[in-house]
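> Quick one: sequence plus predicted model below, questions after.
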Amino acid sequence: MYFKKELAEILFDALEGEIPVQDLERLIEKPKNSEHGDLAFPCFTLAKVKKKAPSQIAQELSGKIQSDTFIKVEVVGAYLNVFLNKKLVAEQVINEIIAQKGDYGSQKVGQGGIVTIDMSSPNIAKPFSMGHLRSTVIGNSISLIMEKCGYKPIKINHLGDWGTQFGKLIAAYKRWGDVEKVKQNPIKELLALYVKFHEEAEGNPVLEDEGRAWFKKLEEGDIEALSLWQWFRDESLKEFSRIYDLMNVTFDSYAGEAFYNDKMDRVVKILMEKQLLTESDQAQVVLLEEEQLPPCLIKKSDGATLYATRDLAAALYRKENYQFVQSLYVVGHEQSLHFKQLIAVLKKAGFDWAEEMVHIPFGMMLKDGKKMSTRKGKVVLLEEVLKESIAIARKNIEEKNPNLVNKDEVAKQVGVGAVIFHDLKNNRMNDIEFSLEEMLRFEGETGPYLQYTYARACSILRKGNWQVTLTEKYKASWEKEWKVVSMLMNFSNVVNRACENYDPSQVAKYIVDLAQAFNKYYAEVKVLEENEERYARLALVYSVTVVIKEGLRLLGMEAPEEM
């Protein structure tokens, strides 16, 4: 925010360069109460440097803040409260938004550095459940926010297409499978077989051995095992693609676990050469006592490799292939230990770039307070939720705006947006209780509320025949508009914070606040009234549409101009 920067530079000069300008800028706050000014600078940090009371420093600095941008400075205890020149600042902000449009709030902090994002990653041969929604929408939003901040994201769908569960599935298919049934409804039938396997295995432990044996065959390249696995994978990807298309989510790579099968021997070889492998109960492990972590299992006693081996191979491949500046893993918090071990093993092996790997955890999607479980058949299918949400949105449009031209397209934008926003408005670490009713509410802090606010603002612009007239002068004091202007001014700060913390909820909360401030303004001010302030007010409405639309885009949502 350039006004913060300007204030920081004035303070830097006043302090004769004793504190770096970037540090001063970081200390500048936005007061919670607008009566306390637009910017506030706390002087506590300066007390050690100046060896004076913070309140005395505040008093001394107050007389040195002179600029057309800042019209008033008040000292309250150790705080310098600074008031901005509303007319000057508002016109600068509005003009910037009009000029930059969707690029407003963009930053170059990433300097084009590549960031790999491991996200979504459903297991093949299992339905795409609500449990996979979180990694998908959080990862997608983080990629869009990082791109806005100047990074180049590479989205990787690290499919769960390998492991013992496929041995179990093949064993179940060989015992009870019906080729025609699977062809007609692949995922539903494969899930039923998977659930049946676990139910039967409780009373018949031999089945577990059978499953392990089939997976061993798969690892050894058995033709029958491989062809069944390939069939399960192809059918799953067709199903997943349909859901990703519905949500408008794309990927740069679908390299799943199986992709790394021929890359794991190298990992084992590296760990052996570095003398990091230790035998424990006939298995090969890397001890991590110094890091205060349990041993990382690399190879089981039967020679089969594990998740850790595969993820180490994936990390090496991604660094060598993409030369990432950051490698992000958007995976549930229950995998935190796994990623701590993964990073620790890489560091121990001398790969300093492991510092650039970040696990981005999130809470669970619960049903009736419990985790959803595929093996117990307790699962809510994402596609069904999306379709139901779209159907409800379509019904609402039919009731409230039957003459809307592109009803189906808008229903999809609203229905899908409702599901995405319900997730992203929450801090990602919170568990979310699945509730279709809550998700599809069309008032309050919801996706449809934001989309409706945007559509309403577009309607005002149409009625006002809004067009940018660069020769037109703003004839407004900006007093009534100031709350909305000051929020628009803060957009790049919010984007930056969301990027630093890998936290889309910062953007979600911001656009809710902006929409509420705008709706309050619109209720109090007659925007379309013919007077000298009309052009300025329409310019403000246009600026709000630009920022709400861009905020929704960063969450992976669309903004219909009519609803």
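Right, received. Where do you want to start? This one's a predicted model, so the numbers in the text were calculated from it and none came from an experiment.
> Please put the alpha-carbon coordinates of stretch 270-282 into CSV.
Provided in CSV are the C-alpha atoms of stretch 270-282 (Å, rounded to 0.1, in the frame of the first residue of the first chain):
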residue,chain,number,x,y,z
ILE,A,270,21.4,-42.4,-2.2
LEU,A,271,20.4,-43.2,1.4
MET,A,272,22.7,-46.2,1.4
GLU,A,273,25.6,-44.2,0.0
LYS,A,274,25.1,-41.6,2.6
GLN,A,275,25.0,-44.4,5.2
LEU,A,276,21.6,-43.3,6.5
LEU,A,277,19.8,-46.7,6.2
THR,A,278,19.5,-48.8,9.3
GLU,A,279,18.0,-52.3,9.6
SER,A,280,15.1,-52.5,12.1
ASP,A,281,12.9,-55.7,12.3
GLN,A,282,14.2,-56.7,8.8
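> Need the contact partners of that stretch.
Residues outside stretch 270-282 that contact it (Cβ atoms under 8 Å, 6 or more residues apart in numbering): 268, 284-287, 295, 298, 301, 345, 348-350. (C-beta placed from N, C-alpha, C; glycine too.)
> run the last query once more with 10 Å
Contacts to stretch 270-282, defined as Cβ atoms under 10 Å, 6 or more residues apart in numbering, come from residues 268, 284-288, 295-303, 309, 312-313, 316, 345-346, 348-351.
> got the buried residues for it?
Using 16 or more other Cβ atoms under 10 Å as the test for burial, stretch 270-282 gives 270-271, 276-277.
> what does stretch 319-328 give?
In stretch 319-328, counting by 16+ other Cβ under 10 Å, buried: 319, 322, 324-328.
> Same list, the residues you listed, but as CSV with secondary structure please.
Conversion of those to CSV gives the following (DSSP: H, G, I helix; E, B strand; the rest coil):
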residue, secondary structure
Lys319, helix
Tyr322, helix
Phe324, coil
Val325, coil
Gln326, strand
Ser327, strand
Leu328, strand
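> follow-up on the earlier one: return the subset of the contacts of stretch 270-282 lying in strands.
Applying DSSP state E to those, the entries found in strands are 284-286, 296-299.
> between those residues, which is nearest Lys549?
Cys296 (45.8 Å; Cβ to Cβ).
> can I see the domain layout of this structure?
Domain assignment for the chain by automatic domain parsing gives 2-84, 382-554.
> Ends of the longest one, what's the gap?
Read it as domain 382-554. Terminal residues of domain 382-554 are spaced 21 Å apart (Cα to Cα, to the nearest Å).
> Use 683 as the first number from now on
All right, first residue 683 from here; so that's domain 1064-1236.
> From the chain's centroid, how far away is that domain?
With Cα atoms, centre = their mean, to the nearest Å as the basis, domain 1064-1236 stands 18 Å off its chain's centre.
> just stretch 706-722 next, same as before
Its chain's average C-alpha position is 28 Å from that of stretch 706-722, according to Cα atoms, centre = their mean.
> that older thread, so which of the buried residues of stretch 952-964 belong to helices?
Taking DSSP state H, the ones among those that sit in helices are 952-953.
> where along the stretch 933-1082 of the chain do the helices fall?
946-955, 989-1004, 1018-1030, 1064-1082 (DSSP state H, counting those that start in this stretch).
> Also the stretch 683-832 of the chain?
For the stretch 683-832 of the chain, the helices defined by DSSP H, counting those that start in this stretch cover 684-696, 703-709, 726-732, 736-744, 768-782, 815-830.
> low pLDDT regions in the stretch 983-1132 of the chain?
985-987, 1054-1061, 1122, 1124 (pLDDT under 70).
> Output the longest helix belonging to this structure.
Looking across the chain with DSSP H, the single longest helix is helix 905-929.
> buried set for that helix?
The neighbour-count check on helix 905-929 (16+ other Cβ under 10 Å) flags 907, 910-911, 913-915, 917-919, 921-922, 925-926, 928-929 as buried.
> Pick out whichever of those residues sits closest to Ala696.
Scanning the buried residues of helix 905-929 for proximity to Ala696, where the rule is Cβ to Cβ, the winner is Met929, at 51.4 Å.
> how about the nearest residue to that closest one once chain neighbours are set aside, secondary structure?
Counting by Cβ to Cβ, 6 or more residues apart in numbering, Val1098 is the residue found nearest to Met929 once chain neighbours are left out, at 5.8 Å. Three-state assignment for Val1098 (three-state DSSP): helix.
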